[in-house]
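A.B. asks: Below: sequence and its predicted model.
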Amino acid sequence: MPEGPELHLSSRFVNFVCKNRIFGGKIIKSLVSRQPDVEWDAPYYTISAASRGKEVKLTLTSQPDSKNDLLKTAPNEKPRTLDIIFQFGMSGKFDFYEAGGLVKHAHLNFFTVDEPKMVLSFVDFRRFGKWHVGADWSEDRGPCVLFEYPKFRENVMNSLDKLLFNRPICEVMLNQQYFNGIGNYLRAEILYRLKIPPFVSARSVLEPLVAKTADDTDQPKIKIEGPDFLQLCNLVPLEVINLGGTGYDPKERGESYSAFDKWLQCYYQPNMKNMADHNKRTIWYSGPAGPMAPTVKVTGKKQSRKKKKKMEMEDQAEIKKIKLEEKSISENENLKEMIVRSKKINSAAKDNVGVPHVEEMKKESRKRKMKLEKGIVEEKNGNAASDFKVCKHTSLTDLKLSDYPTDGTRVTRSRVKVILKEVGLKQKPSRSVNKNGLQNKDGVTAENKETNHTKIKKRSARGKRASQQK
DNA sequence: CGTCCACGTCTAC
DNA sequence: TAGACCTGGACGG
């Protein structure tokens, strides 16, 4: 869900579903969440929401006890409020539904007291989302590109002397101190509208706007030009809001998403180019990348990122293999053998730093041994498989409340994997596809089920392959 | 089965 | 400037 427009749509959603509803009781946090508890003892309260850039603020407001009107507190007593600031990470969203149970990945839950009982859940399957209780908008984030446009523009314009603006425009756009609300798809769309190459310096894009802002009165500069870059940082996200759907949410197939998909001109489009920026985030663009584009070139021979990574992996695998062999060599076997092996490792590691000599290898193996022992010790200290009761489950998200350890131990995915292995259970297949590879569990053909997003992905991958072959 | 990729921050060499 | 933090879908072998 999560760039400026999605956060705003989310806040609207909350206001819509919580209108005229009374909440009460404990605010329940999931056991896996590392975010703070919300202590709030008002027996009755309402919920409203607002957004600013990539944050949503929920405001809880205490309500008088309507059932016990006679016992009402002093009339001049003001209702208490509590603000909670949410960041959505990569997958956060709010959901509102009947309180039969909690949906998967619901991490903070507010319950209504009126019938039918409902829940407002902060749902976030990747758990990159955060919340701060009793907080205000983060100070290190700038004005909202959507709803504080004049301040946003001013903030950027007054900061052009900062070194940051020497960086490529596409990277600066993700800096939330200045572009609060812009994310990966918006940066692509905005740059594309003006055909600005992503890797020109931010200053070169923004400096001309200083004159423009000051100009105002004189020079009838023929006003046919469209909106400038900073205006687009406001208008493009506003367009998303005005689409009326839920914004970017490829898993939410159906009309609202296809409207968004149709709206996208650049991001993830098969006819567009893409590359990783200096922070390894994919930037989609057309035309030239610009002078500051990252160069993949190293010394001498050129290697593609993928190939390089693949080779590194192979090296690592090789090292691992050799080290395993080493492990089986008894302690007092002659040094010569080990030196030969260390040379082998060195050649496997190629460009990697220093020659790992024998002592280092010994140290490594000791470390590994210690880790191994530690792991065993940990398990004996209450992290044992039996404590988790995960035996019948195959993934973290399949765990039921009763399966969580009560001692506050965090259940991690890798932990589950380890335990499953110990218990001798297999992971469930990641895909439920039949022998023909056509159907999933629901009897939907894979082809029909394919989202637009997927198709594009496939197409662009094909395109990439084709162009690589040239 | 393993690898890559995803709407975003953060901190630690 | 890596990596860590996470889950899960697509895809390749």
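C.D. replies: Okay, I see it.
A.B. asks: ok, stretch A:157-167 near DNA strand B or not?
C.D. replies: No - using CB under 7 Å from any atom of the strand, stretch A:157-167 stays clear of DNA strand B, with a minimum separation of 14.5 Å. Any C-beta I mention is one placed from the backbone N, CA and C, and that applies to glycine too.
A.B. asks: May I see the buried residues of that stretch?
C.D. replies: By neighbour count with 16 or more other CB atoms under 10 Å, stretch A:157-167 contains the buried residues A:Phe165, A:Arg167.
A.B. asks: how about the residues of the stretch 151-300 of chain A near DNA strand B?
C.D. replies: Within reach of DNA strand B by CB under 7 Å from any atom of the strand, the stretch 151-300 of chain A has these residues: A:174, A:176, A:183-185, A:247-251, A:279, A:281-282.
A.B. asks: Just among these, which is most surrounded?
C.D. replies: In terms of neighbour count, A:Gly247 stands highest of those at 26 neighbours, by other CB atoms under 10 Å.
A.B. asks: Does that one belong to a helix, a strand or coil?
C.D. replies: Of the three states, A:Gly247 takes coil according to DSSP: H, G, I helix; E, B strand; the rest coil.
A.B. asks: Likewise for A:Pro237?
C.D. replies: With three-state DSSP as the basis, A:Pro237 sits in helix.
A.B. asks: Quick check: the gap between it and A:Gln177.
C.D. replies: According to CB to CB, to the nearest Å, A:Pro237 and A:Gln177 sit 17 Å apart.
A.B. asks: neighbour count winner among the two?
C.D. replies: When A:Pro237 and A:Gln177 are compared for neighbours, A:Pro237 comes out ahead with 27 against 16, by other CB under 10 Å.
A.B. asks: What is the end-to-end distance of stretch A:264-275?
C.D. replies: 18 Å (CA to CA, to the nearest Å).
A.B. asks: check whether that stretch contacts DNA strand C.
C.D. replies: No - where contact is defined by CB under 7 Å from any atom of the strand, no part of stretch A:264-275 touches DNA strand C; the two come within 12.2 Å at best.
A.B. asks: got the buried residues for that stretch?
C.D. replies: A:Leu264, A:Cys266, A:Tyr267, A:Tyr268, A:Gln269, A:Met272, A:Lys273, A:Asn274.
A.B. asks: May I see the residues you listed arranged in JSON lines, with pLDDT as well?
C.D. replies: Shown next, in JSON lines, are the buried residues of stretch A:264-275 (pLDDT from 0 to 100):
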{"residue": "A:Leu264", "pLDDT": "98"}
{"residue": "A:Cys266", "pLDDT": "98"}
{"residue": "A:Tyr267", "pLDDT": "98"}
{"residue": "A:Tyr268", "pLDDT": "97"}
{"residue": "A:Gln269", "pLDDT": "97"}
{"residue": "A:Met272", "pLDDT": "98"}
{"residue": "A:Lys273", "pLDDT": "98"}
{"residue": "A:Asn274", "pLDDT": "98"}
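A.B. asks: For those, work out which two are farthest apart.
C.D. replies: Within these, two members stand farthest from each other by CB to CB: A:Leu264 and A:Lys273, at 14.9 Å.
A.B. asks: Can you check my assumption that A:Pro294 lies in a helix?
C.D. replies: No - A:Pro294 sits outside any helix when classified using three-state DSSP, being coil.
A.B. asks: my guess is it meets A:His278, correct?
C.D. replies: Yes - between A:Pro294 and A:His278 there is a contact under CB atoms under 8 Å: 5.4 Å.
A.B. asks: which one of the two has more residues nearby?
C.D. replies: Ranked by neighbour count (other CB under 10 Å), A:Pro294 and A:His278 place A:Pro294 first, with 17 against 13.
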